[in-house]
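>>> got a structure for you, letters missing:
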């Protein structure tokens with residue numbers, strides 16, 4: 001016996017709910033894949049595998065310190081991130097010779113103090129830094145956020161690495177790629 005109500009087909013409503021849920025899930029995954037978070041990253045150059053990452057702001061600074069293979073004295077370079085580019089701002093070294101800066105760009109200044117050479121007011125722009133982690137005595141060290149991070153602990157000595165600023169998504173942060 002029917003009571004005068006018309007039965008609404010449940011199949012259409014279920015399909016609509018399922019379709020709506022799939023659209024919502026696709027939107028959430030799509031949002032999570034948008035690169036939003038500026039980060040300083042170190043990748044293995046050959047495999048492009050992420051080795052280290054930290055979120056940054058525009059104008060974040062960092063440094064790289066290493067021991068020169070011939071002079072066996074420390075070299076320290078300081079960088080600033082600006083607009084996704086890496087800018088060499090200054091450097092210091094103790095011995096002037098092979099492999100060290102021998103010309104100043106316009107606006108740069110060479111100052112000798114405390115027994116070291118300091119090149120100041122540099123504005124050399126790099127999209128990325130490419131280097132090999134020293135195997136013998138270089139002891140490349142990342143100076144970041146008040147910490148000293150030996151690059152030999154990030155990737156194996158002798159490995160080619162790329163240091164760059166890039167925007168990362170929630171998915172890449174979670175997945176580590």
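Yes, it's here. What you see is a predicted model, and the numbers here were worked out from it, not measured in a lab.
>>> from here on, contacts and neighbour counts on C-alpha atoms
OK.
>>> which residues in this structure form strands?
Counting by DSSP state E, one finds strands in the chain at the ranges 37-44, 50-55, 61-67, 74-82, 85-93, 109-113, 116-120, 124-126, 129-132, 141-144, 147-150, 160-168.
>>> Name the residues of the fourth one that come out as buried.
Along strand 74-82, these residues count as buried under the neighbour rule (16 or more other C-alpha atoms under 10 Å): 74-81.
>>> again with stretch 31-50
By 16+ other C-alpha under 10 Å, the buried positions in stretch 31-50 come out as 32, 37-45, 50.
>>> Same question for stretch 115-134.
117-123, 128, 130, 132-134.
>>> Determine the longest helix present in the chain.
Longest among the helix segments of the chain by residue count, using DSSP state H, is helix 10-32.
>>> Direction-wise, compare that one with strand 160-168 and give the angle.
130 degrees (axes from the mean of the first three to the mean of the last three C-alpha atoms, to 10 degrees).
>>> wait, residue 63 sits on residue 76?
Yes. In this structure, residue 63 is within contact of residue 76 by C-alpha atoms under 8 Å, at 6.9 Å.
>>> where in this protein is pLDDT low?
1-9, 97, 99-101, 176-177 (pLDDT under 70).
>>> Tabulate the strands of the chain (JSON lines), appending distance to residue 25.
Formatted as JSON lines, the strands of the chain follow (distance: least, C-alpha to C-alpha, whole Å):
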{"stretch": "strand 37-44", "distance to residue 25": "22"}
{"stretch": "strand 50-55", "distance to residue 25": "27"}
{"stretch": "strand 61-67", "distance to residue 25": "38"}
{"stretch": "strand 74-82", "distance to residue 25": "35"}
{"stretch": "strand 85-93", "distance to residue 25": "34"}
{"stretch": "strand 109-113", "distance to residue 25": "56"}
{"stretch": "strand 116-120", "distance to residue 25": "52"}
{"stretch": "strand 124-126", "distance to residue 25": "39"}
{"stretch": "strand 129-132", "distance to residue 25": "38"}
{"stretch": "strand 141-144", "distance to residue 25": "37"}
{"stretch": "strand 147-150", "distance to residue 25": "39"}
{"stretch": "strand 160-168", "distance to residue 25": "20"}
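>>> hang on, residue 137 packs against residue 70?
No. Taking C-alpha under 8 Å as the definition, residue 137 is not a contact partner of residue 70, at 9.9 Å.
>>> residues contacting residue 67?
Counting by C-alpha atoms under 8 Å, 6 or more residues apart in numbering, residue 67 touches 73-75, 137-140.
>>> Who is it paired with across the strands?
Beta-bridge partners of residue 67, counted by DSSP bridges, are residue 74.
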